[in-house]
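1. Below are the sequence and a predicted model for it; my questions follow.
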Amino acid sequence: MNYNFTSNYQAIVIGASAGGMDALRVILSSMPNDFPVPVIIVQHLSPDKPDHYLAEYLNNRCNLNVKEADEKESIEAGNVYIAPAAYHLLVETDRSFSLSVNDKIRFCRPSIDVLFESAAEAYSTELIGIILTGANSDGAEGLKTIKESGGLTVVQDPETAESNSMPRSAIEACDVDHILPLNEIPGLLLAATMNNQNRLTTVSRGSIRHANPEGGSDEDQI
Amino acid sequence: MRKTGTENLEISLLLDAILKQYGYDFRNYSQASFKRRIKAFLNKKGVDLISELIPRLIHDKKFFESLLHTLTITVTEMFRDPPVYKAIREHIVPVLRTYPFIRIWHAGCATGEEVYSMAILLEQEGLYERSQIYATDINSDSLDTAKHGTYPISAIKKYTSNYHNAGGDKPLSEYYHSDSNSIIMSSDLKKNILFSPHNLVTDSVFGEMHLIICRNVLIYFNRTLQDRVLNLFCDSLVRKGFLCLGDKESLRFSNIADKFVTVGSREKLYQTKPSTRSSHFEAGAGAILSIHETAGVNRRKSRSTQ
């Protein structure tokens, strides 16, 4: 698939519910360790799983640093942040996290809508929002907000999702930019962040060979 | 069409109006969650614009109180996060036992479930008779509920499960009676609890405490306000007094982290270092100011500067 992205994306938010643990593993295990953009995830969790279960599970299967989001923590590339169980995770406009224990939204806490809506305000056009497998409609409104704020919207193809109602609700709520089978999502994310400014500075230690039209080659140091 | 730019202006004007008219200062609350609550209130009242709230709250006190209620309501449950109560029994109770008289402050007690949980714990440890609990909150409706100690009967299964996981031995039902809809906490538990309004943003120290419990309140404040409140707590603790925060909160980013040692890192239990002394209290003297005097002092001050 050929993509032509010109935006400078600064964050990715992902919402998942039933079947999400596996879907997240597929996506995250494909990320290179210099992936230049932070990833923030709300996965609806079963209350009887021990603390940090999901973060540990994914951290063992991924090159990036997967951890639970801490309140007031600055959001930084190289990390994958998981919303803690039973709290809403919000993004502040200074691009740090805050938590709340307000009422459940659509019976969910953490709520995908709460993350997506606050992230849309903090990152606007520099945000990618992804809805994966799930059995409820959390995230549909949030994805719509991301689209309205000029961000990029992606939904897992309902045909390939373990539970298809969450992707379907998202597709009904907004004009999604990309509906993809799970295994094509990493490719899109890599393409979308290829031009990312951060990546340019992390690659700068090396050199770039240019083919010189007159033959031979030049070596440029950035 | 996004109207974020004007929304932020409207919120700034709203905060100013609330401060000047009623003396409540929300300027250092965490913005994202605060904004959500404002918008939920707009939806509930069928109001379109944030700035439309301003004339209404200025001229209609009941309207303001309804807004205040939305902005400050929090969620709680009995023996919330049971490992914390176990850790309190293990690390803090043995020290409390050494005092002839114990003062405990629940700051931000909401509807009181955790206050009654603490009262039950103290009773089971044989410490209740020599304890005084101060339970404070900014939200007067929550305080009313807390004073009555009446909770929906649908919650009792969760509360009982939490209670047992927290190490409770006697049946929880010994501490309440019930009717078809609710459980009502025993009046014996209420004897040594004083419920009072107190605003952590504007009010000051009112007494010297052996233990301060403040859980899932600081998450609603920005770092500046968190520091203000943590300093207030530090000034309100006896030498080697204890502080208990919410399980996702910590002293880590605060400017007084070095005044405390961590007693339980997972449970967010801290103790002031022997060298840490409250700037309010003379060594040895444990004065209790009237909580009603300190609450609202700054509110009256800010109104008079209009």
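-> Perfect, thanks for sending it.
2. got a pLDDT number for residue B:284?
-> For residue B:284, the pLDDT comes out at 45.
3. Can you name the residues that contact residue 104?
-> In the absence of a named chain, chain A is used. residue A:111 (C-beta atoms under 8 Å, 6 or more residues apart in numbering or on different chains). Where you see a C-beta, it was placed from the backbone N, CA and C, and this is true even at glycine.
4. That was the other one, I meant chain B.
-> B:118, B:131-134, B:209-213.
5. Now the helix or strand encompassing it - C-alpha only, PDB.
-> Secondary structure assigned from DSSP states H and E places residue B:104 in strand B:102-107. What follows is strand B:102-107 as a C-alpha-only set of coordinates in PDB (Å, rounded to 0.1, in the frame of the first residue of the first chain):
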ATOM      1  CA  ILE B 102      -5.300  10.100  68.000                       C
ATOM      2  CA  ARG B 103      -6.300  12.800  65.400                       C
ATOM      3  CA  ILE B 104      -7.000  11.700  61.800                       C
ATOM      4  CA  TRP B 105      -8.000  14.000  59.000                       C
ATOM      5  CA  HIS B 106      -9.800  12.700  55.900                       C
ATOM      6  CA  ALA B 107      -9.300  15.500  53.400                       C
END
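6. show me where the chain has helices.
-> Let's take chain A. Assignment of helices within chain A using DSSP state H yields the ranges A:20-28, A:53-59, A:112-123, A:140-148, A:165-173, A:185-192, A:197-203.
7. Please refer instead to chain B.
-> B:4-22, B:31-45, B:53-59, B:61-72, B:82-87, B:93-96, B:113-124, B:140-148, B:156-165, B:187-190, B:223-235, B:291-294, B:297-304.
8. can you tell which of the helices of chain A is closest to residue B:114?
-> Evaluated over the helices of chain A, closeness to residue B:114 peaks at helix A:112-123, with 24.0 Å, by C-beta to C-beta.
9. Please name the residues that touch whichever residue of the stretch 51-200 of chain B sits closest to chain A.
-> Proximity of the stretch 51-200 of chain B to chain A (C-beta to the nearest C-beta) peaks at residue B:75, 5.0 Å away. Contacts for residue B:75 were tallied using C-beta under 8 Å, 6+ apart; they are A:101-103, B:110.
10. If we use 7 Å, what do you get?
-> By C-beta atoms under 7 Å, 6 or more residues apart in numbering or on different chains, the residues touching residue B:75 are A:101-103.
11. For the chain, give me the ranges with low pLDDT.
-> Just so you know, I chose chain A. Within chain A, the segments meeting pLDDT under 70 span A:1, A:197-222.
12. that answer is for a different chain, and I need it for chain B
-> For chain B, residues meeting the criterion pLDDT under 70 lie at B:1-4, B:281-306.
13. the longest strand in it is where?
-> For chain B, the longest strand by residue count, based on DSSP state E, is strand B:237-245.
14. quick one: stretch B:108-115 to chain centroid distance?
-> 7 Å (C-alpha atoms, centre = their mean, to the nearest Å).
15. measure it end to end?
-> 10 Å (C-alpha to C-alpha, to the nearest Å).
16. does chain A sit close to it?
-> No. Counting by C-beta under 7 Å from any C-beta of the partner chain, chain A has no neighbours in stretch B:108-115; the shortest distance is 10.0 Å.
17. Show me what counts as buried in stretch A:101-120.
-> Buried residues in stretch A:101-120, counting neighbours by 16 or more other C-beta atoms under 10 Å in any protein chain shown, are found at A:101-102, A:105, A:108-120.
18. nope, stretch B:137-156 is what I was after
-> B:137-139, B:142-143, B:145-147, B:149-151, B:156.
19. Against residue B:103, how distant is residue A:2?
-> 69 Å (C-beta to C-beta, to the nearest Å).
20. Spell out which parts of the stretch 201-306 of chain B neighbour chain A.
-> B:216, B:219-220, B:223, B:248-249, B:253.
21. All set, thanks.
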